[in-house]
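Trainee: Got a sequence here, can you model it:
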Amino acid sequence: MSKGRAARLAPVVEMAEKDERDAAALLGRCQGQLQQAEMQLGDLERYRGDYQQQWMTEGQHGVSGQWLINYQRFLSQLETAIGQQRNSVEWHRSNVLKAREAWQQRYARLEGLRKLVKRYLDEARMAEDKREQKLLDELSQRLRPQNTHD
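Mentor: Numbers count the residues shown, from 1 in each chain. Okay, the predicted model is just below:
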């Protein structure tokens, strides 16, 4: 009886396994996108540091007003790009959290189904063991020599 219930759950378990694998793959993609966004942010911040270092080097030798205006304009654009990239990193972080939560839910569902199947199989095994024991007991009763009264 329980073995049949476990067998009927097999397609449900297979679908849950596929859902869990799909969620894990999505989580992996989201983590990769976050990592890429963080690397781009790091690149922009390093570039800004290099650019500011260039300003300090050039500034020691004297610069024209036009050079200073161009420097400030470019630095402002760079700061805007860094701010946008920070927003992108936060957006990707949020996606990773959502994807992780979705994966955890699917994993928990899958594990719950696996435990249920195991319980059904254990119940079936115990019922089969009881049935076998009962048959063995009956057989041993039949084979036991009868006490005869002489």
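
Trainee: can we go C-alpha only for contacts and neighbour counts from here?
Mentor: Fine.

Trainee: ok, now how distant is Glu90 from Gly62?
Mentor: Counting by Cα to Cα, to the nearest Å, the separation of Glu90 from Gly62 is 40 Å.

Trainee: any idea what Gln33 is structurally, helix, strand or coil?
Mentor: Classification of Gln33 using DSSP: H, G, I helix; E, B strand; the rest coil returns helix.

Trainee: From the structure, what's the count of residues near Gly59?
Mentor: If you count neighbours by other Cα atoms under 10 Å, Gly59 ends up with 12.

Trainee: how distant is the biggest helix by length in the chain from the center of its chain?
Mentor: When the chain is parsed with DSSP state H, its longest helix is helix 65-143. Its chain's average C-alpha position is 4 Å from that of helix 65-143, according to Cα atoms, centre = their mean, to the nearest Å.

Trainee: For that helix, which helices and strands make contact with it?
Mentor: helix 2-61 (3 or more Cα pairs under 8 Å, 6 or more residues apart in numbering; DSSP states H and E).

Trainee: circling back to that earlier point, for Glu90 and Gly62, work out which one has more neighbours and name it.
Mentor: Neighbours per residue (other Cα under 10 Å) separate Glu90 from Gly62, with Glu90 holding more: 15 against 10.

Trainee: Distance of the more buried one relative to Ala102?
Mentor: Taken as Cα to Cα, the span from Glu90 to Ala102 is 18 Å.

Trainee: Glu128 now?
Mentor: Separation of Glu128 from Ala102 (Cα to Cα): 39 Å.

Trainee: residue contacts, the closest residue to Glu17 other than its chain neighbours?
Mentor: Once flanking residues are discounted, Glu17 sits nearest to Leu110: 6.4 Å by Cα to Cα, 6 or more residues apart in numbering. Residues counted as contacts of Leu110 (Cα atoms under 8 Å, 6 or more residues apart in numbering) are Val13, Ala16, Glu17, Glu20.

Trainee: Near the second one, how many other residues are there?
Mentor: If I follow you right, that is Ala16. Ala16 has 20 neighbours, counted by other Cα under 10 Å.
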